[in-house]
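**Student:** kindly return the folded structure for what I paste below:
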Amino acid sequence: KKQAKGGIRPEINPKVFLPLEISLPDLPTQKQIVKRISVNLKRVNELAKEIETQKGYAKQLRRNILQDAIEGKLTADWRKEHPVQKGNPDYDAEALFESIQKERKVDKKRKALPPILDAEKPFELPTGWKWMRLGEIIKEVPRNGYSPKAVDFETNTKTLKLGAVTSGVFDSSQYKYINEEIPKESYCWLKNGDILIERSNSLEYVGICAIYTGKDNDFIYPDLLMKIQLIEPISSIYIHTVLMAPFNRQYFMSNAKGSQKTMPKINQECVSNTLIPLPPLAEQQQIITSVSTMFNKVSEIERQIQEREILSEKLSFGIIKENLEGTEVDNMAEPIDIDVQSGSRSYNRLDMQVTQALHMAIELFDNVNFLLVMDYYDDITIFDDSDNPQSVSYYQMKTSNDTITVATILREEWLPKLYAHLNNPTYLIKN
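**Tutor:** Predicted coordinates:
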């Protein structure tokens, strides 16, 4: 790297590396080295694939949390303790909607929003919630930004790049300068709490949004973004949660159009017609708290996955380095043993089950009592009572088949046999 010259595409002059001396063992040793490296790198690649799979699980877990949040599943128990109070916006979405409409300015130029049909509703709302369109709870129609030519020197006007929003969280480092004075009363200046929506990007990112958390009038926003401002007291964090949830992400992608397939667009009408499941104010805050708590747990899982990814990369370099530095085949590193298959000794078994456990805990919270068991050593765990277990029995299942399916377990009646086994004191392997 020190010898590389150039700017965008640095190059190395052949005069630099051709004189380098290398250790060249005899041909049999070369073959042994290649074989040993190939075996070890194959196993490291299997580890890398498993890490990518875990990354996918974490992303899906975030999506599930958002979807469950806007369906009211995260706050099912909370609603039992906080029933609907008719006429109170804190505990009745209909009353909240009525108060919003009183605050909403009448604009005859504003296009009327279509009624919400039952066929449009993607899921049933909890009691006390209300379906509405985004256009019913924003101060004015969504507005595109302004994109004059950028300059390569510092000025008094900073405009955001598209990357300031793409992650779903506002990134204040993503900006450039324009050599133009924008009037302070211009709509282009952002206010804290504004929601920015990508109206054009690759299909995967079109409609992605972020809450502007910077100072008032510190940035303007570009033409590829739309800005909306919510009517108080609607929570911008809750609406951001709704817009980022899977059903609205799919809505934006399905409605994105344009001549350039690589950069499809959504328009103001599409954004205004977005469906919003609106809970009462108090429940909005409870949803925000629940999502934040669960996302923190997912972030910890992602941190652990990242640590394993870094370790995997170091392992790859270490394997090559260790094998190439040796001259005697007998002293070379033995093939590493990484078990990425199933089994109680697999390297990531417990971590994967913790991830799955969190996923189940989130999925099964809706009026369901369940007991979670980490299967680290045993395949089946049986409790003598579902509510207040006094004894626990563990079983290791051994089979000649590579795969055991649920159909096999049901067809061969494994569970009834195990329960019968528990009640027979003559069996020696009972725990």
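**Student:** low-scoring stretches of the stretch 201-350 of the chain, by residue?
**Tutor:** Applying pLDDT under 70 to the stretch 201-350 of the chain flags residues 259-260, 319-320, 322-350.
**Student:** ranges for the helices of it?
**Tutor:** 236-244, 246-255, 268-272, 281-325, 349-363 (DSSP state H, counting those that start in this stretch).
**Student:** tell me which of these is the most buried.
**Tutor:** helix 236-244 (a mean of 20; mean count of other C-beta atoms under 10 Å). Bear in mind the C-beta positions are built from the backbone N, C-alpha and C, glycine included.
**Student:** out of the helices of the stretch 201-350 of the chain, which gets nearest to K55?
**Tutor:** Nearest to K55 among the helices of the stretch 201-350 of the chain is helix 281-325 (5.9 Å), distances taken as C-beta to C-beta.
**Student:** now that closest one against helix 236-244, angle please.
**Tutor:** 60 degrees (axes from the mean of the first three to the mean of the last three C-alpha atoms, to 10 degrees).
**Student:** can you report how many residues neighbour N156?
**Tutor:** 10 (other C-beta atoms under 10 Å).
**Student:** nearest spatial neighbour of it, skipping sequence neighbours?
**Tutor:** E181 (6.9 Å; C-beta to C-beta, 6 or more residues apart in numbering).
**Student:** which residues in the stretch 1-150 of the chain form strands?
**Tutor:** In the stretch 1-150 of the chain, the strands defined using DSSP state E, counting those that start in this stretch lie at 130-133, 143-144, 150-151.
**Student:** turn those into TSV, including mean pLDDT.
**Tutor:** TSV is the format used below for the strands of the stretch 1-150 of the chain (pLDDT from 0 to 100):
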stretch	mean pLDDT
strand 130-133	97
strand 143-144	96
strand 150-151	94
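**Student:** want to throw those strands into CSV with distance to E307 and mean neighbour count?
**Tutor:** CSV is the format used below for the strands of the stretch 1-150 of the chain (distance: least, C-beta to C-beta, whole Å; neighbours: other C-beta atoms under 10 Å):
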stretch, distance to E307, mean neighbour count
strand 130-133, 43, 18
strand 143-144, 42, 16
strand 150-151, 38, 14
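**Student:** among the ones you listed, which is nearest C209?
**Tutor:** strand 143-144 (14.2 Å).
**Student:** for that closest one, which helices and strands make contact with it?
**Tutor:** For strand 143-144, the helices and strands in contact under the criterion 3 or more C-beta pairs under 8 Å, 6 or more residues apart in numbering; DSSP states H and E are strand 225-228.
**Student:** which helices and strands does the strand it packs on pack with?
**Tutor:** strand 143-144, strand 195-198, helix 268-272.
**Student:** at 10 Å what do you get?
**Tutor:** strand 143-144, strand 195-198, strand 209-211, helix 236-244, helix 268-272 (3 or more C-beta pairs under 10 Å, 6 or more residues apart in numbering; DSSP states H and E).
**Student:** direction included, what does that strand pair against?
**Tutor:** Using DSSP bridges, strand 225-228 pairs in its sheet with strand 143-144 (antiparallel), strand 195-198 (antiparallel).
**Student:** relative to S391, how far out is D385?
**Tutor:** 9 Å (C-beta to C-beta, to the nearest Å).
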